[in-house]
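> Have a look at this fold, sequence not included:
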């Protein structure tokens, strides 16, 4: 890119698990740093494959943001305690 956008830092939650091989829900802390800049808008072309989403977006330009020089640091996973429904007796 010709112009380097501003550097941002975001902290985001990230989840995995809840599968046969990893039944627990795992949460990771994620820190992302990147330069952001606007990119040229795109138009969504109608397609039968994506049904409702295409109908909502068709023909409308979308804002596009490019992330350059991205770095992501992910913490160790932690099990999420899931509340269970109480018996209704």
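Structure's in. What do you need? Remember, predicted model here, so these are calculated numbers, not experimental data.

> shaky segments in the protein?
Regions of the chain meeting the criterion pLDDT under 70 cover residues 1-2, 43-50, 55-56, 58-59, 85-89.

> how about the strands of this structure, start to end?
Using DSSP state E, the strands of the chain run over residues 7-17, 25-43, 61-74, 78-79.

> could I get those as JSON lines with mean neighbour count and distance to residue 53?
Every C-beta, even on glycine, is put in place using the N, C-alpha and C of the backbone. Converted to JSON lines, the strands of the chain look like this (neighbours: other CB atoms under 10 Å; distance: least, CB to CB, whole Å):
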{"stretch": "strand 7-17", "mean neighbour count": "11", "distance to residue 53": "23"}
{"stretch": "strand 25-43", "mean neighbour count": "14", "distance to residue 53": "14"}
{"stretch": "strand 61-74", "mean neighbour count": "11", "distance to residue 53": "12"}
{"stretch": "strand 78-79", "mean neighbour count": "11", "distance to residue 53": "33"}
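
> With distance to residue 54 added, can I get these in JSON lines?
Converted to JSON lines, those look like this (distance: least, CB to CB, whole Å):
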{"stretch": "strand 7-17", "distance to residue 54": "28"}
{"stretch": "strand 25-43", "distance to residue 54": "11"}
{"stretch": "strand 61-74", "distance to residue 54": "12"}
{"stretch": "strand 78-79", "distance to residue 54": "38"}
